[in-house]
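**Q** turn this into a model:
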Amino acid sequence: MSSSLRALPWRLLAAVLAVLAPVTGAYALSVSTVSRPDTDSLILQFAKPGAYPLIARTGPAEISLTFPPGTLAGEDKPDNVDFSASPFIEGLRLSGDTLAVRLKTDAFGFVGWPQGEKELKLQVYRDPAGANWSPPAAPAGQDTMSPPREKPPVGGSALTLPVTPPNNKPGPLELPPLPASLGQPPGTAAAPAATVPATAAKEAPKEPFYAVPYSMRATAMRVAPDKSPTLRPIGLDNQAPVGTKAESVAGTTAKALEGGSGAGEYRVKLPPIPPAVAAAGETRGAVAPPPPAKEPAAPQPVAAAAKAEAPAPAGEKKPEEAIPPPKEEDHDANTLVAAQAEKLAGNYDAAITMMSDLKKKRDISKDLREETLHALAGTMAEKYREDPAPHYDAIQGALLEAVNANTDSYRVPEALLQLGMLNLRVGNLPEARGYFNVLTKKYPTDANIPLINFNWGEYYFDRGDFNKAADEYRTVIEKFPESRYVREGAMGLAKTLVRLGKYKEAAQIADYVGKRWPRYYVEFPQILRIEGDIAYKNGDFKKARDDYMMFYNMTPKVKDADLVLARLGDIYAKLGNRPAAVDFYNMAIKEYPNGEGGLISKMRLAEQGVHDQPTINEMFSLFDKPAHGSPEDIYEGIIRDHPNSPLATLAQIKLAMWLLYRQNYPDSLKAAARFLERYPKNELAPKAEEVAITAFEKMAGDLIAHKDYERLVAAYRDNPILAANRGMLSDQTRLGLALAYLRTGRSRDAVAEALPFIGPRENDNGMMALAMVMSVYEDEHSWRDVVDLARRVQQWKFGPTQRRGLEFAVAQALENLGESDRALTIWRKLAGDQSLESAKRCYAMYFMAREAMAKKDLAKAELYAGEAAFMFKETGQDQDKRKAALNILVESTRGQGQYPKALKWARDYGALCKQGDDDWASNRLREAAILRAMGDTDAWRQVLVAMRDAAPDSLYGRMAASDLAASGLERRLNALTKSQ
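**A** Predicted structure coming up:
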């Protein structure tokens, strides 16, 4: 805004003008200002044309406007003018022909130029460089743009570049004392490879070496497969209204669940169980366990079981509790018997139809109806035993209807067991556990209780969770030793221990079964197969042979006959009877060519023996010999057609070894990784890891030789087993992987791989790792890490070339960290090292020139800057530093009065600038000042006129105009002085 010298209010303008008016009363000079946040413009208006002052900075916070003699004669001093609203101007002071402008800061720049014939504008702007102003040596009134006219030194310069004595002996880095704030003090442990230094908070903000975007994440609830029900009965509603029967049943069931599965289990609503069922055990008498017997007792008939209930005292029987005498001709009872006969014959549909019709009769007796409902539910459960899921609702509905018929019935425990087993088979584990818990809690002495643990054992065994299966089978044996089901539990434990590889313990269980039930194999021949497996694994091949032979002879068409034949071949091979072994192998191949046993026999013949603990060297020697059939086809056939067989693991590891033998390293690595993914806890897992590492080592060597870094990184990334076993990789492979990371732009991973090789003492691997890590730090401008790494290896013995490169990196890092004084020690040494490549020595020369310029040692600054500028140009390095070196050359030669040199360097500098930019314009003004100092006023004026006319509204255009105006005023002043 425009204002007067008194805080700019218009009402005081007349007073301000009166202060500056001449004695004659005419307004010879008026003042107004325009203020903006970063500039102040002082506008001076004259009564007559030609009153132009000479403008110069005459103090740290003062600009003087010197008018021609007599122009301001008689004017009052404007000392009391208020400039509080101005960001820069503090006040004015009039003294004779000079108007001094006092400023509020020394960090300013200024320019003045005429606006027409009767007006002058002085603009003051913010410029931090103005704080470095010092009084010129020239007499007052000389143009501030003109350098002092110094005479060039007499004679040539005797300065020469220093030369650093060569040091070609291996030794430590020659570094100045490094400040502790830049890293860990000597003697402390180095930071881990992938951690940020502890002092990172003190460093100036820079792009982080490791940048990981974080976000808030909700905690993920992890649920095991057995915690997630897969089926729900029709009509089950988790949002049942308060007070309904379903809610009360759910409450009862929740209490029952508390004792079964622990706090971490989901609690779900079970299908409706009558409350009377849950309470039935509280009113019934305890059921005495059956006496021990060598043979399991036959189940009690329905009638006998009913009589086992404690009768009420005479005279207190309720009418409904009395059992009517059986009738000789009871049609309904005969119908039920006929339906059960159909069931026994396997005619389930006919049995279900007959029982369904019978239960619908209204005149059927209560007891017969109850028996019919339980029989119907049992028939449906047996019919759909193999695939109960599609018929889940029908089976469960029938069981619940049977329970509801009489909640005090002795048949309720059996129904609860069936409900639990039904839900177990379809995968509804919470529901199964709930029914089993109700049965255990309310009927703890029921004979069916051991079946709960047995069925859980079967469930876990079928799903391969052998540890849990063993726990359940063991519970049957230990908790119910006299149960009719302990024999099945013992055999379940034996077969599970075989799968777990605990053959000695399995042998003890098998011996227990054989002694307690010596004829069990007649009823259950599979025990011979299990005992044969145990004997074979324990090395008792003769007993294994006898068990397998008896099993095969008793059941020649059994499902696993092919495996038995193959195993007999293995036994004879181990007993040294090779012809008998070949006969059994051929028998298995002939009778079961596509069976697992047939494929195993082919594998044995191809490998000429039994090799169940293969090693790479062993299998390579076998693969070198002619074989019967292709091992690869055999292995793949077993893996493809029998993935759940125990021998599938053996085929998988041998396939990986075969592919390794054939030098198909990528597929060998994949096959080994697939083995570890499928069988992570198998006893052959260490061999798979060995194959994977060997395959990757071989592949890495080929890929690095062909510089195929992308495939190497992809192979390592796609196979997590390599990272999990990276300690098994050779040093060369790990360094090759670090190089691959570096070449594919994953520099952080390269550092993580290479840093562990940088230890307390040097070696070839450490030197290679150091070169990679240091290059990453330099490329990413991680200067603090550069210094820390140099401190870590300072005492290593380096050759001259390595030492030069590392010392250069440290000097560069110190310079960027603001430690210029420490860096200067290294720069001085490197500047004189004639063996240092020019691409690095140019920086040393530049920083030495800058230091000499700061000390005003102009001759030395010229010498270093000249070398730096030449080297920057020669190597094409760092255009900005080249310009800075040229700038030092201009100012150092100008300060020495060597104006022709200064002009040459200024023009070289201008050639690197883009016309119209600030550095181009300021350099042109500097060229003009040098020309004027050389006495070439025509060339000086030509440059200024061109700048003024090209951009009259720009800052530098106005500065050129101001210089031209000041020059005209100076000429007029000189003319007036001479005329006087």
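**Q** and Leu44, its phi and psi?
**A** phi -110, psi 130 (degrees, to the nearest 10).
**Q** give the burial count for it, as a bare number.
**A** Leu44 has 23 neighbours, counted by other Cβ atoms under 10 Å. All C-beta atoms are positioned from the backbone trio N, CA, C, and that covers glycine.
**Q** give me the pLDDT value at the closest residue to it other than its chain neighbours.
**A** Closest residue to Leu44 in three dimensions, ignoring its sequence neighbours and counting by Cβ to Cβ, 6 or more residues apart in numbering: Leu120, at 4.5 Å. Note for Leu120: predicted pLDDT of 78.
**Q** you'd agree Leu120 is in a strand?
**A** Yes - under DSSP: H, G, I helix; E, B strand; the rest coil, Leu120 falls within a strand.
**Q** can you list contacts of stretch 575-595?
**A** Residues from elsewhere that reach stretch 575-595, judged by Cβ atoms under 8 Å, 6 or more residues apart in numbering: 541-542, 545, 561-563, 565-566, 568-573, 597-598, 600-602, 604-605, 637, 641.
**Q** since we're on Glu683, how many residues are nearby?
**A** Residues within reach of Glu683, counting by other Cβ under 10 Å, total 10.
**Q** same thing with Leu99?
**A** 25.
**Q** what sits against it?
**A** 53, 64-65, 67, 72, 92-93.
**Q** hmm, 6 Å instead?
**A** Leu65 (Cβ atoms under 6 Å, 6 or more residues apart in numbering).
**Q** and the strands in the protein, which stretches?
**A** Ranges of strands in the chain, per DSSP state E, are 29-36, 39-46, 54-59, 62-66, 89-95, 98-103, 108-114, 119-126.
**Q** could you export these as a markdown table, including distance to Met848?
**A** Compiled in a markdown table, those are given as follows (distance: least, Cβ to Cβ, whole Å):
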| stretch | distance to Met848 |
| --- | --- |
| strand 29-36 | 43 |
| strand 39-46 | 39 |
| strand 54-59 | 32 |
| strand 62-66 | 37 |
| strand 89-95 | 42 |
| strand 98-103 | 37 |
| strand 108-114 | 30 |
| strand 119-126 | 33 |
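**Q** Arg828: which of those strands is closest?
**A** strand 108-114 (35.1 Å; Cβ to Cβ).
**Q** tell me the helices and strands packed up against that closest one.
**A** strand 119-126, helix 955-979 (3 or more Cβ pairs under 6 Å, 6 or more residues apart in numbering; DSSP states H and E).
**Q** what separates the closest residue to Lys104 other than its chain neighbours from Asp106, distance-wise?
**A** The shortest distance from Lys104 to any non-neighbouring residue, by Cβ to Cβ, 6+ apart, is to Glu90 (4.8 Å). Distance, Glu90 to Asp106, using Cβ to Cβ, to the nearest Å: 12 Å.
**Q** spit out the contact partners of Met728.
**A** Counted by Cβ under 6 Å, 6+ apart, Met728 has contacts Ile693.
**Q** list the beta-bridge partners for Gln45.
**A** Ser30, Glu119 (DSSP bridges).
**Q** now do the buried residues in stretch 742-756.
**A** For stretch 742-756, burial by neighbour count (16 or more other Cβ atoms under 10 Å) applies to 742-743, 746-756.
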